[in-house]
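1. mind looking at a prediction? Sequence and model below.
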Amino acid sequence: MLKGYGEEGKGGPKIAFGTLAGPFGGRFNPRSNTITFDTQKFDVASGGRSQSFGQLFAIETGHEGQHYVDRMLRRLGASQREYRAYDVSSMVAQGLEVPSYYTNPDEQRGLLWDSLWY
């Protein structure tokens with residue numbers, strides 16, 4: 001997945017850091033080819049999270065990276081794109097042996113992967 005990000009200045013997505021509306025820690029904008037991360041959303045002191053900052057950032061990097069990879073697949077609908085991105089989120093979490101959650105636009109959370117399942 002990280003290979004999809006490429007080398008700086010060599011055609012990969014632009015990476016930005018800033019405040020994002022809603023509960024999401026990252027967002028891919030296909031018009032500007034930019035992935036923006038809101039690192040305040042990775043604050044482990046809030047929200048009762050069981051993952052570290054680095055683990056949350058890794059999970060979000062995989063998720064948004066999949067959106068970047070899927071950008072040219074016009075045949076995929078929005079729900080298919082999101083499914084594929086959350087699939088990557090759960091795989092990264094599994095590799096890190098931490099739980100992973102999804103958050104919908106209404107800020108409701110659900111469990112994607114839990115290391116206790118393995």
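-> In hand now; what should we look at?

2. buried set for stretch 66-85?
-> For stretch 66-85, the buried set under the neighbour-count rule, 16 or more other Cβ atoms under 10 Å, comprises 66-70, 81-82, 84-85. Glycine gets a C-beta too; all of them are placed from N, C-alpha and C.

3. which of those sits closest to Gly12?
-> The nearest member of the buried residues of stretch 66-85 to Gly12, counting by Cβ to Cβ, is Tyr68 at 7.8 Å.

4. tell me who's in contact with the closest one.
-> Residues in contact with Tyr68, defined by Cβ atoms under 8 Å, 6 or more residues apart in numbering, are 4-5, 12-13, 28, 33, 35.

5. tell me, what's the model's pLDDT at it?
-> Per-residue pLDDT puts Tyr68 at 93.

6. try Gly22
-> Predicted confidence (pLDDT) for Gly22: 84.

7. same question, Glu107
-> Residue-level pLDDT assigned to Glu107 equals 71.

8. so who does it touch?
-> So Glu107 contacts 22-23 (Cβ under 8 Å, 6+ apart).

9. and the gap between it and Phe24?
-> The spacing between Glu107 and Phe24, counted by Cβ to Cβ, to the nearest Å, is 10 Å.
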